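Enquirer: here you go, sequence then predicted model.
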Amino acid sequence: MSQFKFHDTNSAPEDSKPLLEKSEKAYGMIPNLHAVMAEAPGILEGYQTLHELFANSSFDADELTVVWQTINVEHECTYCVPAHTGIAHSMDVDAGLIEALRNRESMPTEKLQVLHDTTLNIVRNRGKIGEEALNKFYDAGYGQQQVLEIILGVSQKVMSNYVNHIAETPVDDAFKKFDWKP
């Protein structure tokens, strides 16, 4: 059982209170991940900032979901996979794509498959990917901007996935119906 405290706006350190208010306004609740992160205001602020930057990148909803869920599944994050399943549904991502990502199945299009493979390559090889892999990514219609944006997404997900592993963050009630185990 986790020994981490789950903060609300009353118990949080002073610098985390406005960040939790921002979360509550955005989601109608304080996600358990944010409640844990509030213990260290810098990580919560960093996570929120990276989330906003990545969500506003050049990727569309399907592509954002591919990057997020590829990382979540690879890191076996039992909090983030259900949460991003719910998020993907709210973004009107096709249910077939969502399930393919959750189940480590092939992507519905070659372009999304290349995005998935490139993301996995970056995660598994700690950013050391070869020219052949990059050329395949570019040939699929992506560019250097998107390679860098995958790294932005990886940065965001490392924060959340690692916090969830260490804190054993329970899935929020809103996402329990999307429960996932590796």
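Expert: Looks like it came in fine.

Enquirer: in this structure, which spans are helices?
Expert: 17-27, 32-37, 41-55, 61-74, 80-90, 95-102, 110-124, 131-139, 144-167 (DSSP state H).

Enquirer: with mean pLDDT and mean neighbour count added, can I get those in JSON lines?
Expert: All C-beta atoms are positioned from the backbone trio N, CA, C, and that covers glycine. Formatted as JSON lines, those follow (pLDDT from 0 to 100; neighbours: other Cβ atoms under 10 Å):
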{"stretch": "helix 17-27", "mean pLDDT": "96", "mean neighbour count": "16"}
{"stretch": "helix 32-37", "mean pLDDT": "98", "mean neighbour count": "25"}
{"stretch": "helix 41-55", "mean pLDDT": "98", "mean neighbour count": "17"}
{"stretch": "helix 61-74", "mean pLDDT": "98", "mean neighbour count": "23"}
{"stretch": "helix 80-90", "mean pLDDT": "97", "mean neighbour count": "21"}
{"stretch": "helix 95-102", "mean pLDDT": "98", "mean neighbour count": "17"}
{"stretch": "helix 110-124", "mean pLDDT": "98", "mean neighbour count": "18"}
{"stretch": "helix 131-139", "mean pLDDT": "97", "mean neighbour count": "13"}
{"stretch": "helix 144-167", "mean pLDDT": "98", "mean neighbour count": "18"}
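
Enquirer: please look at residue 176 and residue 82 and confirm they touch.
Expert: Yes: between residue 176 and residue 82 a contact is recorded at 7.0 Å, counting by Cβ atoms under 8 Å.

Enquirer: quick one: common contacting residues for these two?
Expert: Common contact partners of residue 176 and residue 82 (Cβ atoms under 8 Å, 6 or more residues apart in numbering): none.

Enquirer: surely residue 62 meets residue 96?
Expert: No: the criterion here is Cβ under 8 Å, and residue 62 misses it with residue 96 at 10.8 Å.

Enquirer: show me what contacts residue 134?
Expert: 118, 147.

Enquirer: distance-wise, check it relative to residue 142.
Expert: Look at residue 134 and residue 142: by Cβ to Cβ, to the nearest Å, they are 9 Å apart.

Enquirer: kindly report the same for residue 163.
Expert: Applying Cβ to Cβ to residue 163 and residue 142 gives a distance of 29 Å.

Enquirer: no further queries at this time; thank you.
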